[in-house]
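Student: Give me coordinates for this.
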Amino acid sequence: MNGKKFSFLIVTSKEEYYNECVYYIGNLKVPEGYVVECVPVTHASGMASGYNAAMQVTDAKYKIFLHEDVFILNRHFLQDLLTIFEMDPQIAMIGAMGIKKLPQDMLLWGAPRVGALYNSGLGRTDYESYSYKKEDGLEDVECVDGLLMATCVDLKWRADLFDGWDLYDAAQSLEFKRKGYRLVVPGQRLPWVYYDRPIVGVWNYNKYRKIFQQEYQKELEIQEI
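Tutor: I've put the predicted structure just below:
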């Protein structure tokens, strides 16, 4: 595994989104001695399977699983990841947003979140001088939002259970928790990312919600499903 390499793993279906996402990645400041690559995955049948495929073609220690419609504004993002990972060897996943405690019903849109993002009305902001500092703090979370999940440890995604587009991120978060790792969301005096979020369908959500509750019953402390 190459400890001096960042890899952005992006499941993509729209070229214009992917190109803009990569444009913002290209503007990031790269720490001295490190390299950056982007790994696109097209025609994926689901997020988990797409990410598993992408992991097979990179040797990077630091992997950033990123939605194609998420644009990183914080130009010091890569150094900020290193700063946080080095704070505690048990920190293995970093997100821009997360949920401190998953609800038993797994209806995540109603769960309180921590973190920050822009999704409209972005004004003039000085991201040239902005960077994370330890005193900005960290929030430990149970689930990192799938819009951006940065890792320094490799675990296979649960494509065996989550073969679509829902709850793959919550499942991966709890797989990391099962291994004893910390998942954190940094304090962001300015949001790190802009999320150009489209309207998302939830036609299959209930199917995967039930699968999730069965697999992670202990973690959710569910007595009956």
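
Student: Run through the bridge partners of the residue at minimal distance from the centre of the chain.
Tutor: Taking CA atoms, centre = their mean, the centroid of the chain lies closest to residue 149, which sits 1.7 Å from it. Going by DSSP bridges, residue 149 is paired in beta bridges with residue 65, residue 95.

Student: Surely it touches residue 171?
Tutor: No - Residue 149 is beyond contact range of residue 171, at 11.6 Å (criterion: CB atoms under 8 Å). Any C-beta I mention is one placed from the backbone N, CA and C, and that applies to glycine too.

Student: Return the list of helices and strands in contact with the longest strand along the chain.
Tutor: Criterion DSSP state E: the longest strand present in the chain is strand 2-11. When contacts are defined as 3 or more CB pairs under 8 Å, 6 or more residues apart in numbering; DSSP states H and E, strand 2-11 sits against helix 15-26, strand 35-41, helix 47-55, strand 60-66.

Student: Distance to residue 87 for the ones you listed - can I get that in CSV?
Tutor: CSV is the format used below for these (distance: least, CB to CB, whole Å):
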stretch, distance to residue 87
helix 15-26, 24
strand 35-41, 22
helix 47-55, 25
strand 60-66, 15
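
Student: Of the ones you listed, which is nearest residue 106?
Tutor: helix 47-55 (16.5 Å; CB to CB).

Student: buried residues in the lowest-mean-pLDDT helix or strand in the chain?
Tutor: Ranked by mean pLDDT, DSSP states H and E, the weakest helix or strand in the chain is helix 217-220, scoring a mean of 90. Within helix 217-220, the residues scored as buried using 16 or more other CB atoms under 10 Å are 219-220.

Student: just stretch 98-106 next, same as before
Tutor: Here stretch 98-106 shows 98-99, 102, 106 as buried, counting by 16+ other CB under 10 Å.

Student: what's the closest of the residues you listed to residue 137?
Tutor: Proximity of these to residue 137 (CB to CB) peaks at residue 98, which lies at 13.6 Å.

Student: Can you name the helix or strand that that closest one falls in?
Tutor: Assigning secondary structure by DSSP states H and E places residue 98 in strand 97-99.

Student: May I have the strands that pair with that strand, each with its orientation?
Tutor: Applying DSSP bridges, one finds strand 97-99 paired with strand 114-115 (antiparallel), strand 143-144 (antiparallel).

Student: What lies in contact with the first one?
Tutor: Counting by CB atoms under 8 Å, 6 or more residues apart in numbering, the neighbours of strand 114-115 from elsewhere in the structure are 95-100, 139, 141, 145, 185-186, 188.

Student: repeat for the last one
Tutor: When contacts are defined by CB under 8 Å, 6+ apart, strand 143-144 is touched by residues 93-95, 97-99, 102, 108, 169-170, 173-174, 183, 185.

Student: All set, thanks.
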